[in-house]
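Colleague: below: sequence and its predicted model.
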Amino acid sequence: MNKKTILLTLIILFFGIGLFYWFQIRPGNIKQRCDAQANQGLKDNNFGVNPGISDPDNAREYNDFFQKCLHEKGL
């Protein structure tokens, strides 16, 4: 292989890795952080520890915290 082929292959490889990170790994990490932040927001506002189906207000408040966080992080 010549140097141009190797360079082109490396550029395509790094570009592919970058796209995979941006569209697969980054959103997953953001969602994990937002989940933790939403649960902490519930604790701080005395809504309880776990949002659940049994408490619609709790679940609604969790969802508000979670959606706000996602919006702030760009998702």
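Modeller: Received the coordinates, thanks. Computed from a predicted structure; not experimentally measured.
Colleague: any idea how many residues pack against residue 45?
Modeller: Using other Cβ atoms under 10 Å, residue 45 has 10 neighbouring residues. For glycine as for every other residue, the C-beta is placed from the backbone atoms N, C-alpha and C.
Colleague: and the spatially most central residue of the chain, how close does it get to residue 61?
Modeller: What sits nearest the mean C-alpha location of the chain, by Cα atoms, centre = their mean, is residue 30, with 2.2 Å. From residue 30 across to residue 61, the span is 20 Å (Cβ to Cβ, to the nearest Å).
Colleague: please compute how far the lowest-mean-pLDDT helix or strand in the chain lies from its chain's middle.
Modeller: In the chain, the helix or strand scored least confidently by mean pLDDT, DSSP states H and E is helix 56-73, which has a mean of 87. Centroid separation for helix 56-73 versus its chain: 13 Å, with Cα atoms, centre = their mean, to the nearest Å.
Colleague: buried residues in that helix?
Modeller: 58-59, 61-62, 65-66, 69-70 (16 or more other Cβ atoms under 10 Å).
Colleague: what of stretch 15-33?
Modeller: residue 30.
Colleague: which residues sit against that stretch?
Modeller: 69-70, 73-75 (Cβ atoms under 8 Å, 6 or more residues apart in numbering).
Colleague: may I have that stretch as PDB, with CA atoms only?
Modeller: Backbone C-alpha positions of stretch 15-33 (Å, rounded to 0.1, in the frame of the first residue of the first chain) are rendered in PDB as follows:
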ATOM      1  CA  PHE A  15     -14.100   9.900  11.000                       C
ATOM      2  CA  GLY A  16     -16.200   6.800  11.500                       C
ATOM      3  CA  ILE A  17     -15.100   6.500  15.100                       C
ATOM      4  CA  GLY A  18     -16.000  10.100  15.700                       C
ATOM      5  CA  LEU A  19     -19.500   9.700  14.200                       C
ATOM      6  CA  PHE A  20     -20.000   6.500  16.300                       C
ATOM      7  CA  TYR A  21     -19.100   8.400  19.500                       C
ATOM      8  CA  TRP A  22     -21.200  11.500  18.600                       C
ATOM      9  CA  PHE A  23     -24.400   9.600  17.700                       C
ATOM     10  CA  GLN A  24     -24.100   6.500  20.000                       C
ATOM     11  CA  ILE A  25     -21.900   6.900  23.000                       C
ATOM     12  CA  ARG A  26     -22.400  10.600  23.800                       C
ATOM     13  CA  PRO A  27     -26.300  10.500  23.900                       C
ATOM     14  CA  GLY A  28     -26.100   7.500  26.200                       C
ATOM     15  CA  ASN A  29     -23.800   9.200  28.600                       C
ATOM     16  CA  ILE A  30     -25.900  12.300  28.600                       C
ATOM     17  CA  LYS A  31     -29.000  10.300  29.300                       C
ATOM     18  CA  GLN A  32     -27.300   8.600  32.300                       C
ATOM     19  CA  ARG A  33     -26.200  11.900  33.700                       C
END
